[in-house]
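[1] Here's a sequence, model it:
(2 chains)
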Number of protein chains: 2
Amino acid sequence: MDRYIITIAREYGSGGSHVGSQLAQELGVPFYDKESIVSLTAIKSGFTEDAVKNVEEKKPSSFLYNLYMTTTELPIPDQVFLAQSQVIREAAAQGSCVIVGRCGDYVLRNDKDMLSVFIHASVEDRVSRIQNDYGVKADDPVVLLKRIDRQRGSYYRHFTQRNWGHAKNYHLCVDSGLGIDTTVKIIREALEGRNRINE
Amino acid sequence: MDRYIITIAREYGSGGSHVGSQLAQELGVPFYDKESIVSLTAIKSGFTEDAVKNVEEKKPSSFLYNLYMTTTELPIPDQVFLAQSQVIREAAAQGSCVIVGRCGDYVLRNDKDMLSVFIHASVEDRVSRIQNDYGVKADDPVVLLKRIDRQRGSYYRHFTQRNWGHAKNYHLCVDSGLGIDTTVKIIREALEGRNRINE
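    Numbering: from 1, shown residues only, chains lettered A, B, ... in the order given. Below you'll find the predicted structure:
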């Protein structure tokens, strides 16, 4: 199969990272998730991993952002985003892989070998997953989900000027309530279809 | 396989109706598209087919709508929507089928056997399809696409209070640029996955 890059955007608690990891394993290609991208971004940007984690996938604070903009240096969130985008492009340049989150679909939007996927799920499924699989203990898990949704949506909109989770931004959007295995199968079917067209 | 209802919402020119028809044929189940639903809605509502076509999938005019609301009778677009929803529910009650458009995903939102799909495509693919496959001759096909997108979006929002084309409204969203055959295969994979979960 020719080179392909699968980018996976996902709602918190949708199991999107699990889907990506299973997919990469089945396809035998590298998997870039939060941990590996944060670590590579820290090396590239010169910031510590904690500093990168602190700003990534969160929209910059307007107050701090405006303050930064009065200086000649790019605001830290922008520097991290640029370093992260560079990490993603370098990963993709090395060959087929699966990349989770970090606006990968936007960063690689001009790469004709990209297949972009968005994974979502019902609130019930997500609450059950973060409590049972991720071991999250929150007073109100629904409030937590909504807060993280808002953060990811704002981050995506800030850096891409696109609406997060709108079907037209992705080749494929799947409700993981159909099952993790089924979601992986659907993405593989889409990948094979796209390769048939590119042949 | 147990009873299932596949609803397909689609952008104009995305080939969504073709996908639905091929799917119904492969699965050997009834296919309800614009023609059959308009015809059944006309019978149910007592309006002519032309009157039904005139209001369906278009948001009611605000001026006429407000005028109607001053009378004791429901506005014609609402009467047509209600009759059409009844037609869709009756079709679904008869057993497995594929239903294209007409807010089927919303009308059947409480039917646990429903699999909802949204089909979209790039502007280039859609222009090519409406010109070559549908034989549409428009001075500016992109303007035509945008106008119909707006109509369908407003119609959907008016009657459902949801955003048309937002991934979370559907189990599955597919860019038909992956190929019509691939899109059909992906939907069948999703259907089988959902049936495994319901077993």
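
[2] switch to C-alpha atoms for all contacts and neighbour counts from now on
    Will do.

[3] Tell me which stretches of chain A form helices.
    A:16-27, A:34-45, A:49-55, A:62-69, A:76-93, A:104-107, A:123-132, A:141-160, A:180-198 (DSSP state H).

[4] so which of those helices is the most packed in?
    A comparison of those by mean neighbour count, using mean count of other Cα atoms under 10 Å in any protein chain shown, puts helix A:104-107 on top with a mean of 22.

[5] picking up where we left off before, for the helices of chain A, which one sits closest to chain B?
    helix A:180-198 (5.2 Å; Cα to the nearest Cα).

[6] Can you flag the weakest of the helices of chain A by average pLDDT?
    Among the helices of chain A, helix A:62-69 has the lowest mean pLDDT, at a mean of 57.

[7] Get me the contact residues on chain A for chain B.
    Within chain A, the residues that sit near chain B (Cα under 8 Å from any Cα of the partner chain) are A:120-121, A:165-168, A:170-175, A:178-179, A:182-183, A:185-186, A:189-190, A:193-194, A:197.

[8] what do you get if the cut-off is 6 Å, keeping everything else the same?
    A:165-167, A:171-175, A:178, A:182, A:186, A:193-194 (Cα under 6 Å from any Cα of the partner chain).

[9] possible to save those residues as a markdown table with distance to residue B:29?
    Below are the residues of chain A next to chain B laid out as a markdown table (distance: Cα to Cα, whole Å):
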| residue | distance to residue B:29 |
| --- | --- |
| A:165 | 32 |
| A:166 | 30 |
| A:167 | 27 |
| A:171 | 27 |
| A:172 | 25 |
| A:173 | 25 |
| A:174 | 24 |
| A:175 | 24 |
| A:178 | 22 |
| A:182 | 23 |
| A:186 | 22 |
| A:193 | 25 |
| A:194 | 28 |
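
[10] Quick one: end-to-end length of stretch A:110-117, please.
    15 Å (Cα to Cα, to the nearest Å).

[11] Flag every buried residue along that stretch.
    Residues of stretch A:110-117 classed as buried: A:113-117 (neighbour count, 16 or more other Cα atoms under 10 Å in any protein chain shown).

[12] Would you reformat those as TSV and include pLDDT?
    Output for these, formatted as TSV (pLDDT from 0 to 100):
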residue	pLDDT
A:113	93
A:114	95
A:115	96
A:116	96
A:117	97
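
[13] what's the farthest-apart pair in those?
    Taking Cα to Cα, the two most distant members of the buried residues of stretch A:110-117 are A:113 and A:117; they sit 13.1 Å apart.

[14] contacting residues around the spatially most central residue of chain A?
    In chain A, the centroid-proximal residue (Cα atoms, centre = their mean) is residue A:101; its distance is 0.7 Å. When contacts are counted by Cα atoms under 6 Å, 6 or more residues apart in numbering or on different chains, residue A:101 is found next to A:8-9.
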